[in-house]
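Chemist: structure for the following, please:
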Amino acid sequence: MKIPFALFLLFSSSSLVAKTTIELYVYFDKPPFIVDKKDRVGLSYDFAAALNQHSKTYHYVIVQMPKPRILTEDNIRSAVLWTNPAWVDDIPMNKYDWILDLIPERELYITHDKNMNYQDISSLHNKTIATVRNYTYFNLEKLFKNNLAIRTNVHNEKAVTLMLLYKRAEIGVVGLQTFEYFKRTIPDINDNLKILTGYNKAFQRSILISKSTPQLKQDIEAWFNSAKGKSEWLALKTKWLLH
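Modeler: Here you go, the predicted structure:
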C-alpha cells in the first residue's frame, strides 16, 4: 500500500520534532553559569543550545533550583551541571555517573584590604566574612562554629563582592570563574579588591548523570567527543570562562 505523499511528510516531520525533553539542573544562580534566567543568558543556556543542535533524541532545557530539591529520587532522573562528586556525597562515584573535569575552578578569598595576607586559617580569625546563605564552606565551618570569625550571609556571590566594595565585610568567598566574570562586568573590582594569595583550593566542575539514564550520558559524551562538539565547547569556554 502506498502512503500519500502529504501523509508521509506529516509522519516525517513528526519524527523530527518528537524529542524527549531532558531537564539539565543547575543548583546555583551565578554567572557565568547563569547570568539571566529570564532571557536565558549564560554558559548553561549556551551549552544546552549546542546539545540541542547535536541531539536527535533529546531536547535539553536548563532548570535552576536549590540543591536539596534536585538531589531527590524524583528529580535526579536526568543530569546536574557544573557540580563535583564531593559536593553530592559521591566521592567514590558509585551513586551517579559522571562526565568529569570540564571546568577548572578555585575557591577564592577576596578582600578590599590591600595589606591583608593569608598564611593559614588563623589569618581569618576575628574577621567578618561575607558568604552566600545556605552554602557550605568546608574549610570555614569550624571557624564559624567556634565563633572565631563572623559569618555574614547574603543572597549570592555578586552581593558578596558588593559587600566588600562597600566595606561592609573584610573578606568574601567567591568562585574563580564567577570572580573573573565580575572583573569584566564591574569595573570597580579591578582597582579595589584583591585575591588573598596563599590559599589555594582548586577543583573541577563536572556533570552528574543519573545511573538510570545511561543513554543520556552517551548522548552528551557524543557531543563532547565529536569534532563539532570539541570546537563548540572551546568556543563556549573562550566566551564564558577563564581556562
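
Chemist: may I see the buried residues of the longest strand belonging to the chain?
Modeler: Ranked by number of residues, the top strand in the chain under DSSP state E is strand 97-111. Within strand 97-111, the residues that count as buried by 16 or more other C-beta atoms under 10 Å are 97-98, 102-103, 105-111. To be clear about C-beta, it is placed using only N, CA and C from the backbone, and glycine gets the same treatment.

Chemist: now stretch 219-232
Modeler: Within stretch 219-232, the residues that qualify as buried by neighbour count (16+ other C-beta under 10 Å) are 219-220, 223, 229, 232.

Chemist: now stretch 130-148
Modeler: 130-132, 140, 143.

Chemist: also stretch 173-187?
Modeler: 173-182.

Chemist: what's in contact with it?
Modeler: The set of residues that contact stretch 173-187 without belonging to it, under C-beta atoms under 8 Å, 6 or more residues apart in numbering, is 30-33, 103-110, 129-132, 135, 137, 140, 157-158, 160-161, 165, 189-190, 195, 240-242.

Chemist: wait, doesn't D219 sit right on H59?
Modeler: No: taking contact to mean C-beta atoms under 8 Å, the distance of 11.2 Å between D219 and H59 leaves them out of contact.

Chemist: excluding its backbone neighbours, what's nearest N153?
Modeler: In space, not counting the residues next to it along the chain, N153 is nearest to R133; the distance is 4.0 Å by C-beta to C-beta, 6 or more residues apart in numbering.

Chemist: and the residue nearest the centre of the chain, what does it touch?
Modeler: Most central in the chain under C-alpha atoms, centre = their mean is W82, positioned 4.0 Å from the mean C-alpha point. Contact analysis of W82 by C-beta under 8 Å, 6+ apart lists 26, 28, 33, 44, 102-103, 205-207.

Chemist: can you flag which of these belong to helices?
Modeler: Filtering these for membership in helices, criterion DSSP state H, returns S44.

Chemist: quick check: the farthest pair among the contacts of W82?
Modeler: Between all members of those, the longest pairwise span (C-beta to C-beta) is found for F28 and L102 and amounts to 15.5 Å.

Chemist: distance check, T57 against I195.
Modeler: Here T57 is placed at a distance of 43 Å from I195 (C-beta to C-beta, to the nearest Å).

Chemist: sorry, slip of the keys, the one I care about is Y60.
Modeler: Look at Y60 and I195: by C-beta to C-beta, they are 34 Å apart.

Chemist: of those two, give the one with the bigger neighbour count.
Modeler: When neighbours are counted by other C-beta atoms under 10 Å, Y60 comes out ahead of the other of Y60 and I195, with 25 against 15.

Chemist: identify the spatial nearest neighbour of the more buried one, chain neighbours not counted.
Modeler: Excluding its sequence neighbours, the residue lying closest to Y60 (C-beta to C-beta, 6+ apart) is A48, at 4.3 Å.

Chemist: can you report how many residues lie near the one you found?
Modeler: Neighbour count for A48, taken as other C-beta under 10 Å: 19.

Chemist: kindly report the domain assignment for this structure.
Modeler: 5-104+205-240, 106-202 (automatic domain parsing).

Chemist: report the distance from the longest one to the chain centre.
Modeler: When distances are taken as C-alpha atoms, centre = their mean, to the nearest Å, domain 5-104+205-240 is centred 12 Å away from the chain's centroid.

Chemist: if anything else comes up later, I'll come back, but that's it for now.
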